[in-house]
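Novice: quick one, structure for this:
(2 chains)
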Amino acid sequence: MQDRGKEEEMKFEDALKKLERVVEEIEKGELTLEETIKKFEEGIRLFKICRERLEKAKARIEELSGEI
Amino acid sequence: MLKKKIFSVGEISSFIKNLLERDDLKDIWVEGEISNFRKAGGHYYFSLKDENASIKCVMFDISQAEPRNGMKVIVKGDVGVYEKRGYYQIYVREMRIGGIGEIFIKFLETKEKLEKEGLFKKEYKKAIPSIPSAIGVITSKEGAAIHDIYNVISRRFPLPIILAPVKVQGESAADEIVRAISLLNERNDVDVIIIARGGGRWEDLQAFNEEKVARAIFNSKIPIISGVGHESDFTIADFVADARAATPSAAAEMAVPDGREIMEWMDEAMERMERAMRRRMEREYERLEEVGMERAVSRVSEFFERWKERCEEDVKKMRSNAIVYINNLRQSVELCGKALDAMNPYKVLERGYSICFREKDNKVFSSIGDAEIGDMLRVMVKDGEAKCRIEGKKRK
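Specialist: Numbering: from 1, shown residues only, chains lettered A, B, ... in the order given. Presented below is the predicted three-dimensional model:
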């Protein structure tokens, strides 16, 4: 499940873009049924990752260390 | 008097007033630049300043001149103490305007120079990422700007803010801003920078008009949004930045998207996926129907079982409407399988019916005209087949 690890670390923007692509691919209907299901599962995972990130996200201020 | 241990406020103020209101501080000429100008109650209130200092002024006779901020002027008046508020000021009686302030001229010169070089050109403006990972903020640690930015970001789209604390006015401000830009560029997590300063007097924004600050903004690899001063104040930093916001809050809004909109988009994406899957299932169902029921039923149910298992894990963890979508989809998938199952003609055999095929071509014998006396039939029952000959027939 290496891919899933990568997905977790993915930039939010990239995850959203990927979700968009997945949705489009499913909508096009050119994949085999098996591939479609895999895409659907991927879509659900991406949705979940994005949603969790949004819900968990907290603003915090980190001060730049070192002399300015 | 000074030997007395404890003074009243009035006593010490009056003492100071006597110290300052001396003859040699009366009828003096002072040269400086007007700032913080306002007109109230038929009087002018402003400060006169130069690089080193600033002094409050009040002018009661407003018929002589129309001062504006940034004007270089020479005033004549007396130094006086306003005891009620505890400050000293010049009571101006006369004012001579000395043209536009030097600061403003320098601003215009720098602006023209950099504009000629092309630093303000649109083609050099870097795109602001639609969803950044972390935001660099260059501003004062103490000012209101960082709080405004923090509030907007935590409300719209919470993200880590990397604060590069700098002085936003005074001699070292420009160098600190330049250094902060380069430090933030060395990091690999920041993908947009806000340079901010809350509203203030125009002359206090001079660090943002310095050429070296403009060049550092221009050379930054990370896109920079300027949010300096108020709506009406333009600085050179505003012209050279990749995007200009009127205030620090507006800069923060520009830097991050609205989380609610993204949430809505995601829900919509989920819905689209669900609709597409439904359509796909329907198509699949029709296709399987064509190739033959027996295989269809087993393939579909086997497939659904596998899929359900695989989804289970995700579904459990999902919340809110995503769960509803998946449950709906799963239900429709199950219904689809049941419908297929119910329509399987072999199922009826279980219930005591049989199906007859003509032996010569294996076509289903379903009408009395389909076969003649003497023809052979294959009769299918739930657990086997029998060969039969037609001995006679009668139309209903």
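
Novice: ok, the residue nearest the centre of chain A to chain B distance?
Specialist: Among the residues of chain A, the one closest to the centroid is A:A15, at 2.8 Å (C-alpha atoms, centre = their mean). Plainly put, A:A15 is 10 Å away from chain B if you go by C-beta to the nearest C-beta, to the nearest Å. Using the backbone N, CA and C atoms, a C-beta is placed for each residue, glycine as well.

Novice: buried sites along the helix or strand harbouring that residue?
Specialist: Counting by DSSP states H and E, the element that carries A:A15 is helix A:12-28. Within helix A:12-28, the residues that count as buried by 16 or more other C-beta atoms under 10 Å in any protein chain shown are A:12-13, A:15-16, A:18-20, A:22-23, A:25-26.

Novice: between those, which sits nearest B:R244?
Specialist: A:E13 (23.0 Å; C-beta to C-beta).

Novice: hang on, that closest one packs against B:D191?
Specialist: No. Using C-beta atoms under 8 Å, A:E13 and B:D191 do not qualify as a contacting pair, with a distance of 9.2 Å.

Novice: can you list residues touching both of these two?
Specialist: Common neighbours of A:E13 and B:D191 are listed as B:129, B:133 (criterion: C-beta atoms under 8 Å, 6 or more residues apart in numbering or on different chains).

Novice: can you give me the neighbour number for A:E63?
Specialist: Neighbour count of A:E63, defined by other C-beta atoms under 10 Å in any protein chain shown: 11.

Novice: report the beta-bridge partners for B:I34.
Specialist: B:L48 (DSSP bridges).

Novice: and it, what does it touch?
Specialist: Contact analysis of B:I34 by C-beta under 8 Å, 6+ apart lists B:46-48, B:67-73, B:101.

Novice: give me that answer again for 10 Å
Specialist: Taking C-beta atoms under 10 Å, 6 or more residues apart in numbering or on different chains as the definition of contact, the neighbours of B:I34 are B:44, B:46-49, B:57, B:65, B:67-73, B:75, B:95, B:97, B:101, B:203.

Novice: put the buried members of the residues you listed into a ChimeraX selection.
Specialist: Only the buried members of the contacts of B:I34 enter the following ChimeraX selection, criterion being 16+ other C-beta under 10 Å:
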select /B:44,46,47,48,49,57,65,67,69,70,71,72,73,75,95,101,203
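
Novice: restricted to strands, list the contacts of B:I34.
Specialist: Here DSSP state E is the test, and these give B:44, B:46-49, B:57, B:71-73, B:75, B:95, B:97 as lying in strands.

Novice: from B:R280, how far off is B:V192?
Specialist: Going from B:V192 to B:R280 by C-beta to C-beta, to the nearest Å gives 39 Å.

Novice: more neighbours: which of these two?
Specialist: In terms of neighbours (other C-beta under 10 Å), B:V192 is the more surrounded of B:V192 and B:R280; the figures are 27 against 18.

Novice: in three-state terms, label the residue nearest to the more buried one when sequence neighbours are not counted for me.
Specialist: Counting by C-beta to C-beta, 6 or more residues apart in numbering or on different chains, the nearest residue to B:V192 once its immediate chain neighbours are dropped is B:P132, at 4.6 Å. Local secondary structure at B:P132 is given as coil here, using DSSP: H, G, I helix; E, B strand; the rest coil.

Novice: show the pLDDT at B:P132.
Specialist: According to the prediction, B:P132 has pLDDT 89.

Novice: thought B:V256 was touching it, still the case?
Specialist: Yes. Proximity of B:P132 to B:V256 meets the contact threshold set by C-beta atoms under 10 Å, at 6.7 Å.

Novice: joint contacts of those two?
Specialist: Residues within reach of B:P132 and of B:V256 at once, by C-beta under 10 Å, 6+ apart, are B:153, B:157, B:159, B:192.

Novice: where does the chain dip in pLDDT?
Specialist: In the absence of a named chain, chain A is used. By pLDDT under 70, the weakly predicted segments of chain A are A:1-8, A:66-68.

Novice: that answer is for a different chain, and I need it for chain B
Specialist: For chain B (pLDDT under 70), the answer is B:1-2, B:4, B:64, B:98-102, B:202, B:230-233, B:284-348.

Novice: look through it and tell me its longest helix.
Specialist: The single longest helix within chain B, with elements called by DSSP state H, is helix B:259-291.

Novice: buried set for that one?
Specialist: For helix B:259-291, a neighbour-count test (16+ other C-beta under 10 Å) marks B:259, B:262, B:266-267, B:269-270, B:272-274, B:276-277, B:280-281, B:284-285, B:288 as buried.
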